[in-house]
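Asker: The sequence isn't on hand, but the structure is:
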């Protein structure tokens, strides 16, 4: 009986001895699972941190691009303003000088019985004024025979004349001036055959 008991106990002991190895194996498996889960958590944390950093980078890049676009718009706007200021100042100064040029032209047209030197002097002054205006990119418009354009010409009279075409300038009372697209002074004209 003792032998049987010994066998039973030794069998139990063997089972107990084999059980701890199974427990160790299961512990190792749980440790591996825990490690794998920890690694997964770390990698997911790294991925989330990386995606967060990528989002921040996109936001910063977007902000940079917006700032660059705003600066480019500001630079373009200030350049246009400077150009417009120059054109406006030039136009205003020339508008003040034009009556003097008109007076010189009228004096040239009305000199008949005056010494030739006097007439030449007026012509030199008139040519000098025209040259100065050309240097400032000021153009004249409103010649006899041109087509009437209400944006450029100011019609003060109209006549019927079969020798001229429809809506044609018949006479110029005051020459028009412009710089680029900016009208300094409209031409004052008489229009033929207009409705």
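Answerer: The structure has been received and is ready for your questions. As the structure is a computational prediction, the values presented were derived from the model and not from experiment.

Asker: From now on I want contacts and neighbour counts done on CA atoms only, so please keep to that.
Answerer: OK.

Asker: quick one: residue 88 from residue 175, how far?
Answerer: From residue 88 over to residue 175 the distance is 20 Å, taken as Cα to Cα, to the nearest Å.

Asker: and the closest residue to residue 145 other than its chain neighbours, what helix or strand is that in?
Answerer: Nearest-residue entry for residue 145: residue 169, 5.2 Å, with adjacent residues in sequence omitted and distances by Cα to Cα, 6 or more residues apart in numbering. Assigned by DSSP states H and E, residue 169 falls within strand 168-174.

Asker: now residue 91
Answerer: In the assignment (DSSP H and E), residue 91 maps to helix 2-110.

Asker: quick one: low-confidence parts of this protein?
Answerer: 1-31, 33-34, 38, 40, 195 (pLDDT under 70).

Asker: Domain map for it?
Answerer: 2-136, 139-195 (automatic domain parsing).

Asker: Just want the most central residue of the chain.
Answerer: residue 73 (4.9 Å; Cα atoms, centre = their mean).

Asker: give me every residue that touches it.
Answerer: Residues near residue 73 by Cα atoms under 8 Å, 6 or more residues apart in numbering: none.

Asker: if I look at it, how far off is residue 100?
Answerer: Taken as Cα to Cα, the span from residue 73 to residue 100 is 42 Å.

Asker: go on, residue 65?
Answerer: For residue 65, the distance to residue 100 equals 54 Å [Cα to Cα].

Asker: go on, residue 177?
Answerer: Distance, residue 177 to residue 100, using Cα to Cα: 14 Å.

Asker: Compare neighbour counts for these two and give me the winner.
Answerer: For residue 177 and residue 100, the more surrounded residue by other Cα atoms under 10 Å is residue 177, and the numbers stand at 23 against 13.

Asker: on that earlier part again, the helix or strand just after the strand holding residue 169 pairs with which strands?
Answerer: With elements assigned by DSSP H and E, the helix or strand that comes after strand 168-174 is strand 176-179. Here strand 176-179 has these sheet partners by DSSP bridges: strand 138-141 (antiparallel), strand 182-185 (antiparallel).

Asker: rewinding a little: quick check: what element follows the helix holding residue 91 along the chain?
Answerer: Following helix 2-110 toward the C-terminus (DSSP H and E): helix 116-135.
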